[in-house]
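# Sequence first, then the predicted structure, then my questions.
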Protein chains: 2
Amino acid sequence: MNAELSRLSLNQATIKRCDVARAVDGCARHGIPAIGLWREPVAEHGLARTRKLVADAGLRVSSLCRGGFLTVADPAGRRAALRDNRRAVDEAAELAAACLVLVVGGLPAGDRDLAGARARVVDALAELAGYAAERGVRLALEPMHPVFCADRGVLSTVEQALDWAEPFDAGVVGVVVDALHVWWDPRLDEQVARAAGRIASYQVCDWITPLPADVLLGRGLPGDGHVDLARLGRLVTAAGYAGDVEVEVFNADVWAADPDDVLREVVRRHVMLVRPSLGG
Amino acid sequence: MNAELSRLSLNQATIKRCDVARAVDGCARHGIPAIGLWREPVAEHGLARTRKLVADAGLRVSSLCRGGFLTVADPAGRRAALRDNRRAVDEAAELAAACLVLVVGGLPAGDRDLAGARARVVDALAELAGYAAERGVRLALEPMHPVFCADRGVLSTVEQALDWAEPFDAGVVGVVVDALHVWWDPRLDEQVARAAGRIASYQVCDWITPLPADVLLGRGLPGDGHVDLARLGRLVTAAGYAGDVEVEVFNADVWAADPDDVLREVVRRHVMLVRPSLGG
C-alpha cells in the first residue's frame, strides 16, 4: 500500500458511469483505500452484496451519500422524508460508513420562507439523531454553496452547520467540509477551527469558471479551478481532522472520460495537491 | 406624482437596450422618480448632457454603477484601477448620484489567494475614501453572491462589507443590499440591522431557478423567484433605510421585451411587492 494514498477516498459519483462493482475494482487497482458510496448504485448492487464486495476489497467506506431533503412542509411528505432517512441510517450502519452525508434540501416549490425551511431541518435533525446514535451512525451535515440554497440545500455555511450540530454529541452529528461549497466564506478559517472534533468528512474538488450551463456539474478536478486546496487542507488538518479525503467531482467531461484515466488523475492530484497539506 | 412610486428607482441595466435618453424618458413617462445609471451609457450620452437630461426630467440619480475591480495585483494594473475609480467618483459627483456602487472584482487569473485579493480591496478602499469624501461622493460596497466570488466580487456578505466599511464615516463608505446577492445569508437579519446608517442602496430583483446558462443573467423581476422581498424590505426599513429602491434585473428575456412593457411591470411589482414593506 502506497502511504501517500493512505487517506484518499474516491467518491463514486466522480466515475458516475461505473456501477459499484467497477468502482470498487477501480479503487483496488489504483491503490485507493476508501470509497464514498451513493445509495442508488448500492441499492442496484444490493446492500449486503456491496458490504461484502467492499470488505473483500479491503476498502473503507468514507461516507454514504445521502440522506436529507428535510425541508418539506406537508406532514405526509415530512413523514416520508424521515422514513427514508432512517433507511439511509440503516444502510450506513450496514456498510460501516464513516458518516451519512445529509444534503438538507431546498425551498419547497412556491415557498419563500427560508427561515421556516431551515427550522424544519433543525426539527428533523432532532428526530433523526437519536435513531442514528442507536445505530452507531454519524450524521454529517453538508453546508452547500449558496448557489444551491433555493433548490438543493438551505444550509449555507460551516458556521450554520456547526450551530445546528451543537446540541448533539460530535460523534452523532458532524459536518462536511466540501471545498466547492465553502471556499468563498469570509468566516471559513475561524469556523473550520471551531469545527474541531465535528468534521465528519472532507471532500475536495474545484470551483471552475465559467460555470457550465448546469451548475450542478460545475466542479473541476482538484487543481483545475480557483480554490486554494493546500490552504484548506491545512485548516482542516489544524482542526484535527485525520479521516479520509474524498474526491467528489460532478463534471460532464470527467464522466465522459475513461474511468481508469480519471482514477489515475485523481491519484495524481491527491499526491500533488492534497496530500502535502494533510501533515503527518 | 404617485406617492406609491415615491421611492422607486429604475436601474437602467433593466432595460439595457435603451440608451440614457430613452431610459430617462421611460422613467418620466411611467412616473418613476429616480434612476440608477451606468458609466458606459452615460459616457456615450456625455456626462454633462446626462446631468442636464436627468435634472430636466426631475429625476434623482439613486446610484452610479460602477467602480471597483480593485483586486488586481500588479502595480501598473493597480494604479490604472485606482485612476479609473477616481474618474468614477468624479462622474458620480457630477451626476449628484446618491452613491457610487463598487463591485470589488474577482480573483486575478491563475491566482488562488482569496485572502490576498480581499486585502488588496481593503487597501484600495483606504486610498479611494479620502478622494470620495473630498468630492462628496458616497462609496457603496456591494457584497456579491458567492457564485461570483471567483470572477466578479470577492466581497461575499453584508457582514464582510460592514467590516470593511467600519473604519470610514458612514457618509463616505456605505454598503449595498441587493436582494439577489444576500437573500441566502444565515446572518442576514443581524447584519442588515447592524448596517443601520450604512445602507447606501437597496436593490431588488429575484433569484430564479433553474439558473440560465449565463449565471450573470440569472435574475428575475421581483416576485418571479425564491426571495422573500417583503421580509427583506422590512429588515432594510427597520435599519432606517429611507432611500430609493432600485429594480436591477439582468435577464435575457427582460432585455428582449418591449421596454415600456418592462417598465409597466417594474411599477406593478414595486407597488405590489416592495412598497408595502417600506413602511411610512
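That came through, no problem.
# Up against chain B, what does the stretch 151-280 of chain A have?
Selection of the stretch 151-280 of chain A residues close to chain B by C-beta under 8 Å from any C-beta of the partner chain yields A:151, A:156-157, A:159-160, A:183-186, A:207, A:209-211, A:213, A:215, A:225-228, A:231. C-betas here are computed from N, CA, C, even on glycine.
# mind listing which of the residues you listed are in helices?
A:Glu159, A:Gln160, A:Arg231 (DSSP state H).
# Now do the phi/psi pair for A:Ala124.
With angles defined as degrees, to the nearest 10, A:Ala124 sits at phi -60, psi -40.
# pretty sure it is in contact with A:Ala81, am I right?
Yes - between A:Ala124 and A:Ala81 there is a contact under C-beta atoms under 8 Å: 7.1 Å.
# Please enumerate the strands of the stretch 51-200 of chain A.
With DSSP state E, counting those that start in this stretch, the ranges of strands along the stretch 51-200 of chain A come out as A:60-68, A:100-103, A:139-141, A:173-178, A:199-204.
# Briefly note if the shortest one comes near chain B.
The one in question is strand A:139-141. No - using C-beta under 8 Å from any C-beta, strand A:139-141 stays clear of chain B, coming no nearer than 12.9 Å.
# neighbouring contacts of that strand?
The contact list for strand A:139-141, computed with C-beta atoms under 8 Å, 6 or more residues apart in numbering or on different chains, reads A:63, A:67, A:89, A:99-102, A:104, A:125, A:128-129, A:132, A:155, A:161, A:164-165, A:172-176, A:200-201.
# partners of it in the sheet?
strand A:100-103 (parallel), strand A:173-178 (parallel) (DSSP bridges).
# I'd like the average pLDDT over that strand.
Mean pLDDT, computed over strand A:139-141, is 98.
# Contact residues of the stretch 1-150 of chain A facing chain B?
Residues of the stretch 1-150 of chain A lying close to chain B by C-beta under 8 Å from any C-beta are A:Leu107, A:Arg112, A:Asp113, A:Leu114, A:Arg118, A:His145, A:Pro146, A:Val147, A:Cys149, A:Ala150.
# Can I get the strands paired with strand A:139-141 in TSV including mean pLDDT and mean neighbour count?
Listed next are the strands paired with strand A:139-141 as TSV, based on pLDDT from 0 to 100; neighbours: other C-beta atoms under 10 Å in any protein chain shown:
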stretch	mean pLDDT	mean neighbour count
strand A:100-103	98	27
strand A:173-178	98	27
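# so where's chain A shaky on pLDDT?
Scanning chain A for pLDDT under 70 picks out A:1.
# show me what contacts the residue nearest in space to the middle of chain A?
With distances taken as C-alpha atoms, centre = their mean, the residue of chain A nearest its centroid is A:Val101 (5.3 Å). A:Val101 makes contact with A:Ser63, A:Leu64, A:Cys65, A:Arg66, A:Gly67, A:Gly68, A:Ala140, A:Glu142, A:Val176, A:Ser201, according to C-beta under 8 Å, 6+ apart.
# So the third one is in contact with A:Ala13, correct?
The reference is to A:Cys65. Yes - contact criterion C-beta under 8 Å: A:Cys65 and A:Ala13 qualify, at 7.2 Å.
# circling back to that earlier point, okay, the strands of the stretch 51-200 of chain A in a markdown table with distance to A:Val274 next?
Listed next are the strands of the stretch 51-200 of chain A as a markdown table, based on distance: least, C-beta to C-beta, whole Å:
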| stretch | distance to A:Val274 |
| --- | --- |
| strand A:60-68 | 14 |
| strand A:100-103 | 19 |
| strand A:139-141 | 19 |
| strand A:173-178 | 13 |
| strand A:199-204 | 6 |
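# Which among those strands is found nearest to A:Glu94?
strand A:60-68 (9.4 Å; C-beta to C-beta).
# Now the nearest residue to A:Phe148 once chain neighbours are set aside: phi and psi?
Among residues not flanking A:Phe148 along the chain, A:Gly106 sits closest, at 7.0 Å (C-beta to C-beta, 6 or more residues apart in numbering or on different chains). Note on A:Gly106: backbone dihedrals following degrees, to the nearest 10 are phi -100, psi -160.
# just checking, A:Gly106 touches A:Asp151?
Yes - the pair A:Gly106 and A:Asp151 passes the contact test of C-beta under 8 Å, sitting 4.2 Å apart.
# Can you tell me the number of residues neighbouring A:Gly31?
By the measure other C-beta atoms under 10 Å in any protein chain shown, the count of residues near A:Gly31 is 14.
# and the gap between it and chain B?
28 Å (C-beta to the nearest C-beta, to the nearest Å).
# again, but for A:Ala129
A:Ala129 is 20 Å from chain B, by C-beta to the nearest C-beta.
# these two touch, right, that residue and A:Ala170?
No - using C-beta under 8 Å, A:Ala129 makes no contact with A:Ala170, being 11.6 Å away.
# For the two, work out which one has more neighbours and name it.
The neighbour comparison of A:Ala129 against A:Ala170 (other C-beta under 10 Å) goes to A:Ala129, with 19 against 16.
# Now do the contacts for the more buried one.
So A:Ala129 contacts A:Leu139, A:Phe168, A:Val172, A:Val173 (C-beta under 8 Å, 6+ apart).
# which of the residues you listed sit farthest apart?
Largest pairwise distance in the contacts of A:Ala129, by C-beta to C-beta, is 8.1 Å, between A:Leu139 and A:Phe168.
# Neighbour count for those two, which is higher?
With neighbours defined as other C-beta under 10 Å, A:Leu139 and A:Phe168 compare such that A:Leu139 has more, 27 against 20.
# So in terms of bridging, what pairs with the more buried one?
A:Leu100, A:Val173.
# hmm, back to that, tell me the one among the ones in helices among the residues of the stretch 151-280 of chain A next to chain B nearest to chain B.
A:Gln160 (4.5 Å; C-beta to the nearest C-beta).
# Wait, that closest one touches B:Pro186, no?
Yes - between A:Gln160 and B:Pro186 there is a contact under C-beta under 8 Å: 4.5 Å.
# for A:Glu44, helix, strand, or coil?
Classification of A:Glu44 using DSSP: H, G, I helix; E, B strand; the rest coil returns helix.
# what's the closest non-adjacent residue to it?
Using C-beta to C-beta, 6+ apart, the closest residue to A:Glu44 is A:Asp19 (6.6 Å).
# residues in contact with that neighbour?
With contact taken as C-beta under 8 Å, 6+ apart, A:Asp19 is in contact with A:Pro41, A:Glu44, A:His45.
# With A:Arg29 instead?
A:Arg29 neighbours (C-beta under 8 Å, 6+ apart): A:Asp260, A:Leu263.
# What would the helix or strand containing it look like as PDB? C-alpha coordinates only.
Element membership of A:Arg29 [criterion: DSSP states H and E] is helix A:20-30. Extracted C-alpha coordinates of helix A:20-30, given in PDB (Å, rounded to 0.1, in the frame of the first residue of the first chain):
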ATOM      1  CA  VAL A  20     -20.500  -0.300  -7.600                       C
ATOM      2  CA  ALA A  21     -18.500  -3.300  -8.700                       C
ATOM      3  CA  ARG A  22     -16.500  -1.400 -11.200                       C
ATOM      4  CA  ALA A  23     -15.900   1.500  -8.800                       C
ATOM      5  CA  VAL A  24     -14.700  -0.900  -6.100                       C
ATOM      6  CA  ASP A  25     -12.500  -2.700  -8.600                       C
ATOM      7  CA  GLY A  26     -11.100   0.700  -9.800                       C
ATOM      8  CA  CYS A  27     -10.200   1.700  -6.300                       C
ATOM      9  CA  ALA A  28      -8.500  -1.600  -5.600                       C
ATOM     10  CA  ARG A  29      -6.500  -1.400  -8.800                       C
ATOM     11  CA  HIS A  30      -5.400   2.200  -8.400                       C
END
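# Pretty sure A:Val176 sits against A:Arg198.
No - using C-beta under 8 Å, A:Val176 is not in contact with A:Arg198, being 10.0 Å away.
# Counting neighbours, what do you get for A:Ile32?
Applying other C-beta under 10 Å, we find 23 residues neighbouring A:Ile32.
# again, but for A:Ala239
A:Ala239 has 18 nearby residues by other C-beta under 10 Å.
# Tell me how far it lies from chain B.
Taking C-beta to the nearest C-beta, one finds A:Ala239 at 18 Å from chain B.
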